[in-house]
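Student: Make a model of this:
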Amino acid sequence: MNQMEELRDQERLMMLKEMERLKEEELAAAIEKKLAAKAMLEEVAAANSEQIRRKELLKERAADKQAELDELRARRYQEAKEREWRAKERSAAERSAALMTELAQAREAQKASKLTQRAEVARVEHDEFMRVLAVNRAKEAEDMAMATTQAAIHERYKEELLAQISTNEEKRKVGRLG
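Tutor: Okay, the predicted model is just below:
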């Protein structure tokens, strides 16, 4: 039983460590997500600011074609950053979901292990009960046989004693008469 308690304690400790690790990863992911969002907003603001500055310059230069190209580049850059940010978010969500699935599977495996252990303990207890029952029945049968034998011996002794008394009395009667 001590070994099973140790196993249970070890499993509980491993489960607590795993849950702590998951919490730390989730916290780190949340912080990373906030920092990424802030950085993206700063980049977008910087890009917008840069775009506004370029537009002002382009107005002075009247170089429409270059302005369109710069605006297109800025838009593409912004879109690329947004795609990258969304990909990171999706990856973090998938990683978190995988960890939760793994944790759920570990819990199910632990439940199954506990059920198996309980079934084994029940089987061992049942086998021990049946063994003790068989020993007790054998002892009862032995005691019954012994009692029957003792009763037969007593009965035979009683009959022999009564026969001897009867024989002695007959002898006395014959001795008195003769």
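Student: CA atoms for contacts and neighbours, from now on please.
Tutor: Fine.
Student: Contacts only, for the residue nearest the centre of the chain.
Tutor: Nearest to the geometric centre of the chain sits Q110, at 1.6 Å (CA atoms, centre = their mean). Going by CA atoms under 8 Å, 6 or more residues apart in numbering, Q110 touches E11.
Student: SS state for it?
Tutor: At Q110 the chain is in helix, as set by DSSP: H, G, I helix; E, B strand; the rest coil.
Student: E71 contacts Q51, correct?
Tutor: Yes. Between E71 and Q51 there is a contact under CA atoms under 8 Å: 6.6 Å.
Student: Could you measure from the residue nearest to the centre of the chain over to Q117?
Tutor: Using CA to CA, to the nearest Å, Q110 is found at 10 Å from Q117.
Student: so how far is E79 from the residue nearest to the centre of the chain?
Tutor: Q110 is 46 Å from E79, by CA to CA.
Student: Repeat that for E155.
Tutor: Per CA to CA, E155 is found 112 Å from E79.
Student: Do a quick rundown of the helices in this structure.
Tutor: Secondary structure of the chain (DSSP state H): helices at 2-61, 64-177.
Student: would you list the ones you listed in JSON lines and tack on mean pLDDT?
Tutor: Formatted as JSON lines, those follow (pLDDT from 0 to 100):
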{"stretch": "helix 2-61", "mean pLDDT": "85"}
{"stretch": "helix 64-177", "mean pLDDT": "90"}
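Student: I appreciate the help and will end here.
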